[in-house]
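Chemist: make a model of this:
(4 chains)
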Number of protein chains: 4
Amino acid sequence: MANSKYEYVRAFEQADILLPNTWVVVRIDGRGFHKFSDKYAFEKPNDRRGIDLMNAAAKAVLKELPDVVIAYGISDEYSFVLHKSCTLFERRSSKLVTTIVSTFTSYYVHFWAQYFPDLPLSPPLPSFDGRAVQYPSVRNLRDYLSWRQVDCHINNLYNTTFWALVQQGGMDTKTAEKELAGSLASEKNEILFSRFKINYNNEPDMYKKGSVVFRDYELVEPGSAQPPADEDGAKTAEELEISKTQVEKDKKRRAKAPITIHHLDIIKDEFWERRPWLLSNKPGKIPKET
Amino acid sequence: MANSKYEYVRAFEQADILLPNTWVVVRIDGRGFHKFSDKYAFEKPNDRRGIDLMNAAAKAVLKELPDVVIAYGISDEYSFVLHKSCTLFERRSSKLVTTIVSTFTSYYVHFWAQYFPDLPLSPPLPSFDGRAVQYPSVRNLRDYLSWRQVDCHINNLYNTTFWALVQQGGMDTKTAEKELAGSLASEKNEILFSRFKINYNNEPDMYKKGSVVFRDYELVEPGSAQPPADEDGAKTAEELEISKTQVEKDKKRRAKAPITIHHLDIIKDEFWERRPWLLSNKPGKIPKET
Amino acid sequence: MANSKYEYVRAFEQADILLPNTWVVVRIDGRGFHKFSDKYAFEKPNDRRGIDLMNAAAKAVLKELPDVVIAYGISDEYSFVLHKSCTLFERRSSKLVTTIVSTFTSYYVHFWAQYFPDLPLSPPLPSFDGRAVQYPSVRNLRDYLSWRQVDCHINNLYNTTFWALVQQGGMDTKTAEKELAGSLASEKNEILFSRFKINYNNEPDMYKKGSVVFRDYELVEPGSAQPPADEDGAKTAEELEISKTQVEKDKKRRAKAPITIHHLDIIKDEFWERRPWLLSNKPGKIPKET
Amino acid sequence: MANSKYEYVRAFEQADILLPNTWVVVRIDGRGFHKFSDKYAFEKPNDRRGIDLMNAAAKAVLKELPDVVIAYGISDEYSFVLHKSCTLFERRSSKLVTTIVSTFTSYYVHFWAQYFPDLPLSPPLPSFDGRAVQYPSVRNLRDYLSWRQVDCHINNLYNTTFWALVQQGGMDTKTAEKELAGSLASEKNEILFSRFKINYNNEPDMYKKGSVVFRDYELVEPGSAQPPADEDGAKTAEELEISKTQVEKDKKRRAKAPITIHHLDIIKDEFWERRPWLLSNKPGKIPKET
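Modeler: From the prediction side, this is the model:
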């Protein structure tokens, strides 16, 4: 039986190829995680188990999809960066986004029992939505990541103060909200310090900075790395020959590199200068011990 | 600390709103399921546990997303149909697709242990990709579903014959492939019957027809249901008033309706005529017993 | 010299295929026509020469592009409808829109001297922008055209009253604007009649109804035409054979049909019922005399 | 009469905003210009009047749309480059493309009689189609323009040789085609020189290099200009204040700058280094005499 009679319906599938030579960020968000975190009584302002679980799932995504060069997570959101030279799935947007969202979800559910051994999952189960955004320049990409890290800081300072007022100050949540409405960062710092003896600077970096996940190589002295040449454009046949071998070598080195989780400032140049492999997409030296 | 300096990056997010008044099919596919089914030694040509697990995950998607009117699954693929009047997530394509993919994945991993109690999951975990396709008319939508059901038939007849040759006929897989290359349906039927005493017609509908999942109401006599009026376009303020109350009522009835899994012919008109609620998106009479 | 080194840039061209089986409306608008009509002292509220020129250009578009089934124009805007079955330029959106905009502009400039013999064009020259919009159903398409014709009526009633107040009532434009702010249709009719003895109903249809352009065939008795079958979907090889011959025949008949300009109500069913060829895209009987 | 009943159809218009911070090339092509150039007996291989007309229309586009920084034309095609910082029409793709196509068409038809005084236009009239392509980096943009200029060279060498064989060598077109099939550039040069005493290098640059149109300022010594800083991203409020004044100043200077047509090599760095305003989008020094 031929299938030709109905096959015309394939013509309704529309192309959604992302523009070549742009950085792609796939950002995923927990769906209804406010309610979800209540259901499983997540600790406030930050639940260590919940963040560790997010980070473990993100790490698994990098392991399964070597095209992801760096990921950055805060709260119930994670951003995965694909290098501008990435050609995975011919850059089809839906395929890239759904693969990342699905892989992340799969590990989140699978690892749940490790991080919440006493709280078995029950329907409705956790899920995530996602979208792909294209950034034409390194500046735009770094500004995107800076935007998320500044957001992390703003939210964490607010939440830390809010929950201090509620948990230690005995305020009800509405009063705490009012107290903080329109307050400056300095004022929140002051509330924390004067009323609760909390120095915000001493809070854990994991909460203040969010989590950065990447393949790790030996750090480079700032200034010593060559700036990545603008490698757009075409190569001669010979260069392509060389570069095929190189691609294989790079693949092996990438597979060997440990995927690590950090809580660092990714806004300043230093982070990027010491890790040139992130923007060049060329693997560095494997560190001797991890 | 204001976030305005970096917030400009939000302008890079591009709209992906699906066209109003079109049927939307979100089709998801297992990633690398050939390898995956080998890893867990799925039975050939069909693994009942694997299909039951797919169906359970699909049923959970319908339960969590009442906007899905019908879903159709074969092998490691599932198609979810959103009614042309659906306005969920403002019809944002990425959001719709990722939500369905993620919810499906979440239940697939969560339910795994129920269906494969002796085979604990281990990385790399199962995942799914997905895409949204728009169909302007009921004819196009039904032809899409017919296309998938014809594919189910073609694949299942091939697989049934292929594995009979291998498992019962002792052929190696390469020889079996050659044997079947270019063969007609009638020839496969003949091989099954003459060599293995298998009457393909008696094979289980679950394998021959695939699985259809929908909210179930009392069947309607063909011809007795009013054809769904073409309800495009706008309503008067009064009509809108009425229809808001109606929406609430419909919602409650939908919540009460059992979500059931069938293995039926969805190509013929009869399936659709007896279940007018599928295309009208108006819930029918709740059946007395399920 | 090979061009391969740079040819990679072609990969940056992204597909923009319109969804099959949807009606496509290409609407074009005069750029800065307020200023433009001042420059050439267009008569108010309507300049007959200007409208005739728009209509002549639209008629030329239908002549050059037989895929356009109907066009509707008001003021400095024109909407061109492509049948849902249209496959011109593989339904590439940019190509369809720019071809229509460019053809229209070309004739507008070329015909200018015929309609404004005493007013030679000088830079900045007239130009038009355009966009394609997809409508999945006939209802949506007709509602789009109704929207434009209602707009025509609203604007023309306002403009007729406004310019009566100014030209015959001696009001300055600001006072006239104030006078009409928030006024109902009935109040404008009343102003026209009581102050200027103008019965709006007797105004020319060209101004009240806008202009409709289409290939003209013999009118059909309402009710006698068969409703166009829903012809989505695929055909057998034999049907395709027949339909190729039919396509050629249709093409010839279309070429013979006169393209005419009317000022009719296109909101009511009657217009469409008497001209079944517009929605069926099947040419009718050529009228004996035009 | 309210228009609300039909206004819902506006929701079918879909966003088509181009990605911020990318270079946009709008390329337009003559429709059916092979036939068109036959109709008006264009000279072969190049018709000076036809090219001058194309260039005059392109120059008018730059005059009317100051957002176009450079345009490059060959044969019946023209590419218009919008700076990556361009925000005209909120970067709506359809609006940008149709405005450029329509403006170009308008001037092409209007100027026709100046360049072809003895050949009045008659229907079917000339028209152009167009499309917008995004290029994320200067490298990609320059490679696009290089691609077009190499194409110009390849085509012109071919056409010059082909028409020499036909016009001076008395060959019929089919034989000439065969003669040149698969020939190298050096072989064509050889044919031109040995058979027709034509040194291809001495052919006019207008035909060999195509036409470049831009706002002209004083040339800059290579190396003396500061490389344009990567100005992506946001500015402080104060910087924005300054930059508003700057924008006004730039606008005035741009209006004063002569728009000139050249026939230069735009592949080599020198062209771009001596005209830093093209990539920086900052007007240079107005030349004393043009």
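
Chemist: switch to C-alpha atoms for all contacts and neighbour counts from now on
Modeler: Fine.

Chemist: isn't residue A:46 up against residue A:207?
Modeler: Yes - because the distance of 7.1 Å satisfies Cα atoms under 8 Å, residue A:46 is recorded as touching residue A:207.

Chemist: compare the two (neighbour count), which wins?
Modeler: Remark: of residue A:46 and residue A:207, residue A:207 carries more neighbours, 22 against 16, as counted by other Cα atoms under 10 Å in any protein chain shown.

Chemist: contacting residues for the more buried one?
Modeler: Taking Cα atoms under 8 Å, 6 or more residues apart in numbering or on different chains as the contact definition, residue A:207 lies against A:46, A:152, A:156.

Chemist: what about stretch A:33-52, average pLDDT?
Modeler: Looking at stretch A:33-52 alone, the average pLDDT works out to 97.

Chemist: so does that stretch get close to chain B?
Modeler: No - using Cα under 8 Å from any Cα of the partner chain, no contact is recorded between stretch A:33-52 and chain B, whose separation bottoms out at 13.5 Å.

Chemist: buried ones in that stretch?
Modeler: Of the residues in stretch A:33-52, those scored as buried under the neighbour-count criterion (16 or more other Cα atoms under 10 Å in any protein chain shown) are A:33, A:36, A:37, A:45, A:46, A:50, A:51.

Chemist: hang on, the earlier thing: restricted to helices, list the contacts of residue A:207.
Modeler: Counting by DSSP state H, the part of the contacts of residue A:207 found in helices is A:152, A:156.

Chemist: before we move on, the earlier item: could the buried residues of stretch A:33-52 go into JSON lines alongside distance to residue B:160 and secondary structure?
Modeler: Rendered in JSON lines, the data for the buried residues of stretch A:33-52 read as follows (distance: Cα to Cα, whole Å; DSSP: H, G, I helix; E, B strand; the rest coil):
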{"residue": "A:33", "distance to residue B:160": "45", "secondary structure": "helix"}
{"residue": "A:36", "distance to residue B:160": "44", "secondary structure": "helix"}
{"residue": "A:37", "distance to residue B:160": "47", "secondary structure": "helix"}
{"residue": "A:45", "distance to residue B:160": "56", "secondary structure": "coil"}
{"residue": "A:46", "distance to residue B:160": "54", "secondary structure": "coil"}
{"residue": "A:50", "distance to residue B:160": "46", "secondary structure": "helix"}
{"residue": "A:51", "distance to residue B:160": "47", "secondary structure": "helix"}
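
Chemist: residues in contact with the helix or strand containing residue A:49?
Modeler: In the assignment (DSSP states H and E), residue A:49 maps to helix A:48-64. Contact partners of helix A:48-64, identified using Cα under 8 Å, 6+ apart, comprise A:42, A:68-71, A:73, A:75-76, A:78, A:100, A:103-105, A:107-108, A:111-112, A:115-116, A:211, A:213-214, A:259-261, B:124.

Chemist: number of nearby residues for residue A:13?
Modeler: Residue A:13 sits with 15 neighbouring residues when counted by other Cα under 10 Å.

Chemist: dump the residue contacts of it.
Modeler: Residue A:13 sits next to B:132, B:133, B:134 when contact means Cα under 8 Å, 6+ apart.

Chemist: now the angle between helix A:48-64 and the lowest-mean-pLDDT helix or strand in chain A, please.
Modeler: Of the helices and strands making up chain A, the lowest-confidence element is helix A:237-256, at a mean of 82, by mean pLDDT, DSSP states H and E. Here helix A:237-256 runs at an angle of 150 degrees relative to helix A:48-64 (axes from the mean of the first three to the mean of the last three Cα atoms, to 10 degrees).

Chemist: picking up where we left off before, from the contacts of residue A:207, which single one is nearest residue C:244?
Modeler: Checking those against residue C:244 with Cα to Cα, the nearest one is residue A:152 at 63.2 Å.

Chemist: per-residue confidence at the nearest residue to residue A:31 once chain neighbours are set aside?
Modeler: What sits nearest to residue A:31 in space, not counting adjacent residues and going by Cα to Cα, 6 or more residues apart in numbering or on different chains, is residue A:128, at 5.2 Å. Confidence per residue is given as pLDDT, and for residue A:128 that number is 98.

Chemist: is residue A:128 in contact with residue A:105, as I believe?
Modeler: Yes - using Cα under 8 Å, residue A:128 and residue A:105 qualify as a contacting pair, with a distance of 6.8 Å.

Chemist: re earlier: so, in contact with chain B or not, the helix or strand following the least confident helix or strand of chain A?
Modeler: Using DSSP H and E, the helix or strand that directly follows helix A:237-256 along the chain is strand A:259-262. No - with Cα under 8 Å from any Cα as the measure, strand A:259-262 is seen stopping short of chain B, the closest distance being 15.5 Å.

Chemist: since that was my last question, I'll sign off now.
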